[in-house]
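Enquirer: sequence and predicted structure are below.
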Amino acid sequence: MTVMLRTPKRRWAVAGAGAAAVGALVVLLFRHATPPSPPPAKVPHRPTVTLVNAKDQAVNDEAVLLDPTPLFLPTKWNATQRELAPPDPVGRFQGFDAPKLSFAENELNLGLPAPIAVPPGPAEAVAADAPTAVLAGFGRVDVPAVGPAARGAFVEIRTAGDGRNVLAQAIPGALPGKAGWAPVEFVLRVDAAGLVGPLVVTERSGLEEVDAFFANYLARTLRVGERLAPGFYRICVGP
């Protein structure tokens, strides 16, 4: 009996749940539809370039402060430009077609002063500077200028230690035929017996025959080994 009583109650519960589900479905089918939400308002686009008045001092100061121009380029703040007047447009070449000649076309007029007469002698030259001197040039004669005597070369001998001058004299006689040689320098050693070895050339003259000539002359003609005290010496020979 207990089982038979529970079965009808269960059927009624299932039927009531099905009816409630059907009613809810009907309500969902016949309910009012909600209106759609309005679209968002469009934000006006800001222009990238804004035109301002050129007389606005605040805007001008901001433009100068934010100017990206490099400072090393010439601007009105660090450089000035000289105002040049435009040339006269009259003429084919704007004023350059009119020649400005320094001299006449037919005659070269340099405006040179009158030529100066050269005095025939020294006495006349002195008299020209002092025309009031009546006795200028009295007893004076022109003495011919005498040049220095010709020499072949000049030799100087100095000690190698302290540079003391030992001998300095001219070398008479003719030198090798070629001219234009540079000074030559020798180093030598002298002991009690005389010259020790040949002369050593430290500065050449540029000509082999000149170097050989002076080495032979100093050793055999001038005999520096017999005339100098023992020690080391420097010999310079120049024209």
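Expert: Cool, the structure landed.

Enquirer: where does this protein have low pLDDT?
Expert: Low-confidence segments of the chain (pLDDT under 70): 1-8, 27-36, 47, 87-99, 104-105, 107, 129-137, 148-151, 173-179.

Enquirer: helices of that one, residue ranges please.
Expert: 2-30, 57-65, 122-129, 208-216, 224-227 (DSSP state H).

Enquirer: okay, how far is it across stretch 62-72, tip to tip?
Expert: With Cα to Cα, to the nearest Å applied, stretch 62-72 spans 20 Å between its terminal residues.

Enquirer: which residues does that stretch contact?
Expert: Stretch 62-72 is contacted from outside by Thr75, Asn78, using Cβ atoms under 8 Å, 6 or more residues apart in numbering. In short, each C-beta sits where N, CA and C put it, glycine included.

Enquirer: and Gly163, which of the helices of the chain is closest to it?
Expert: Of all those, helix 224-227 sits nearest to Gly163, with 16.9 Å by Cβ to Cβ.

Enquirer: buried residues, that closest one. List them.
Expert: Neighbour-count burial for helix 224-227 flags Val224, Gly225 (criterion: 16 or more other Cβ atoms under 10 Å).

Enquirer: which other helices and strands contact that helix?
Expert: In terms of contacts (3 or more Cβ pairs under 8 Å, 6 or more residues apart in numbering; DSSP states H and E), helix 224-227 is packed against strand 184-191, strand 194-203.

Enquirer: quick one, which of the helices of the chain is nearest to Pro38?
Expert: Closest among the helices of the chain, using Cβ to Cβ: helix 2-30, at 25.7 Å.

Enquirer: related to what we said a few turns ago, can you list the helices of the chain in JSON lines and add distance to Thr80?
Expert: Formatted as JSON lines, the helices of the chain follow (distance: least, Cβ to Cβ, whole Å):
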{"stretch": "helix 2-30", "distance to Thr80": "87"}
{"stretch": "helix 57-65", "distance to Thr80": "17"}
{"stretch": "helix 122-129", "distance to Thr80": "57"}
{"stretch": "helix 208-216", "distance to Thr80": "67"}
{"stretch": "helix 224-227", "distance to Thr80": "77"}
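
Enquirer: hey, which of the helices and strands packed on helix 224-227 is tucked in deepest?
Expert: strand 184-191 (a mean of 18; mean count of other Cβ atoms under 10 Å).

Enquirer: related to what we said a few turns ago, mind checking the helices and strands packed on helix 224-227 for the one nearest to Val26?
Expert: Here strand 194-203 is closest among those (Cβ to Cβ), at 133.4 Å.
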